[in-house]
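**Q** sequence first, predicted coordinates after that:
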Amino acid sequence: MRRAIFAAIAALLAGPAVAAPLCDNLGFAGLLASCNRGETIELTLASGQPLGEDQTLQSGAYYKLHITADGSAELAVSGPDFFRAIWMNEIVINQIEIRPMAIDSLEFDAAGTAELSFIAIKPGRHVLRIPGSTGESQQVVFSIQ
């Protein structure tokens, strides 16, 4: 009985579990340091094709998201919940850098690529989907831990 009580007290004093940082020393670049970068995420917008694979991200890590439209249809990706769960560094389209406060969606009228760089912030399950679609393959779930 005493062991159980001491174990419970120790668990309470230990605090919440924290994910291991990607870097030991972030240095002058802080969260944007190259050692704090996750793998680049690739999504493809194509008529009738899957959007991409579900992703697991680490809170506090820096990521790049490439969204490429093949031009087969006028398509968009929408995910206000996802975009509110990240800190957006910039969006690059045709070598034009945009530093937005917030976005809800991106729409592609023709073939092209948008590169989003961001830091994952808010833990949880966040969805980025093609608006008006209901299929599981027409969405990507981002699980931020």
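**A** Right, received. Where do you want to start?
**Q** would you confirm that residue 141 contacts residue 57?
**A** No. Residue 141 is not in contact with residue 57 according to C-beta atoms under 8 Å; the separation is 10.7 Å. C-betas here are computed from N, CA, C, even on glycine.
**Q** tell me which of those two has more neighbours.
**A** Taking neighbours as other C-beta atoms under 10 Å, residue 141 and residue 57 compare with residue 57 leading, 22 against 16.
**Q** neighbours around the closest residue in space to the more buried one that isn't next to it in sequence, how many?
**A** Distance criterion C-beta to C-beta, 6 or more residues apart in numbering; nearest residue to residue 57, sequence neighbours excluded, is residue 120 at 4.1 Å. Applying other C-beta under 10 Å, we find 24 residues neighbouring residue 120.
**Q** what bridges to residue 120?
**A** For residue 120, the beta-bridge partners under DSSP bridges are residue 86.
**Q** contacts only, for it.
**A** Residues counted as contacts of residue 120 (C-beta atoms under 8 Å, 6 or more residues apart in numbering) are 38, 57, 58, 59, 60, 61, 63, 85, 86, 142, 144.
**Q** hmm, residue 144 and the fourth one touching each other?
**A** Yes. Applying C-beta under 8 Å as the test, residue 59 and residue 144 come out as touching, 5.4 Å apart.
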